[in-house]
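Trainee: build me a model:
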Amino acid sequence: MGTSNAQFASFGLKGGLNFSSLPELQTGQSAGYIVSAMKESQTGFHVGLTSLFRIAGFYLQPELLFTQTERDMLITTTGPSPQSHPFTQLYRHLSLPVQAGLSLGPVKIGGGPVLSLLVDQLNDLDDNINFDQVMNDVTLGYQLGVGLVLGRLMVDLRFEDSLSRFGTEVNIGGQSIDFDTRPRQYILSVGLLF
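Mentor: Prediction:
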């Protein structure tokens, strides 16, 4: 019975890299400022807990992960002497993805929702610039992925896209600029099941 349960339900630790980008360059403008979010890919990471339930050719894989991603941004002042201020915006989340799908021997193919809770955000922008990015505390997205389970080792490759707005606006110089950023990312992770 113990062996049967071990094959059905496994729990473990996982970690890996996130390669996030925007579908296109995002810009917003107000009197005196242009704010841009670059579409180029940035590398982040994730670590946390994973579980795997397998039965009759199907699997369910709920997880709890701490995820850190970042985005290159640029503030340009307009006027007679325009200046550019590049900076990196950092985001930290608790992510709760739930994957379900087919389990074909060692191969997993599936998808499912991911709920993200914003824990913290910070940037390396000069303190003289009064900048604030207004973010949604909770966002919903989806993931599609494939994976391998080789004994206690699990490898996953996923694509994640957002179904809700990640950021709503930026505030700079006492002005608000509407800013709808919906990042997407490729996620590569390795897990160890117990």
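
Trainee: gap between the nearest residue to residue 154 once chain neighbours are set aside and residue 146?
Mentor: What sits nearest to residue 154 in space, not counting adjacent residues and going by C-beta to C-beta, 6 or more residues apart in numbering, is residue 191, at 3.9 Å. C-beta here means a position set from N, CA and C on the backbone, and glycine is covered the same way. Per C-beta to C-beta, to the nearest Å, residue 191 is found 14 Å from residue 146.

Trainee: more neighbours: those two, which one.
Mentor: Legend: neighbour count by other C-beta atoms under 10 Å for residue 191 and residue 146, higher for residue 191 (25 against 14).

Trainee: ok, that one touching residue 150?
Mentor: No: using C-beta atoms under 8 Å, residue 191 is not in contact with residue 150; the gap is 11.0 Å.

Trainee: show me the contacts for the residue nearest to residue 154.
Mentor: Going by C-beta atoms under 8 Å, 6 or more residues apart in numbering, residue 191 touches 12, 13, 14, 15, 50, 153, 154, 155, 156.

Trainee: bridged to it, which residues?
Mentor: residue 14, residue 154 (DSSP bridges).

Trainee: so which residues of the protein form helices?
Mentor: 2-8 (DSSP state H).

Trainee: so where's it uncertain?
Mentor: 1-7, 180 (pLDDT under 70).

Trainee: make it 90
Mentor: 1-8, 22-41, 71, 77-83, 85, 124-136, 164-183 (pLDDT under 90).

Trainee: grab the longest strand from it for me.
Mentor: strand 83-104 (DSSP state E).

Trainee: name the residues of that one that are buried.
Mentor: 85, 87, 89-93, 95, 97-101, 103 (16 or more other C-beta atoms under 10 Å).
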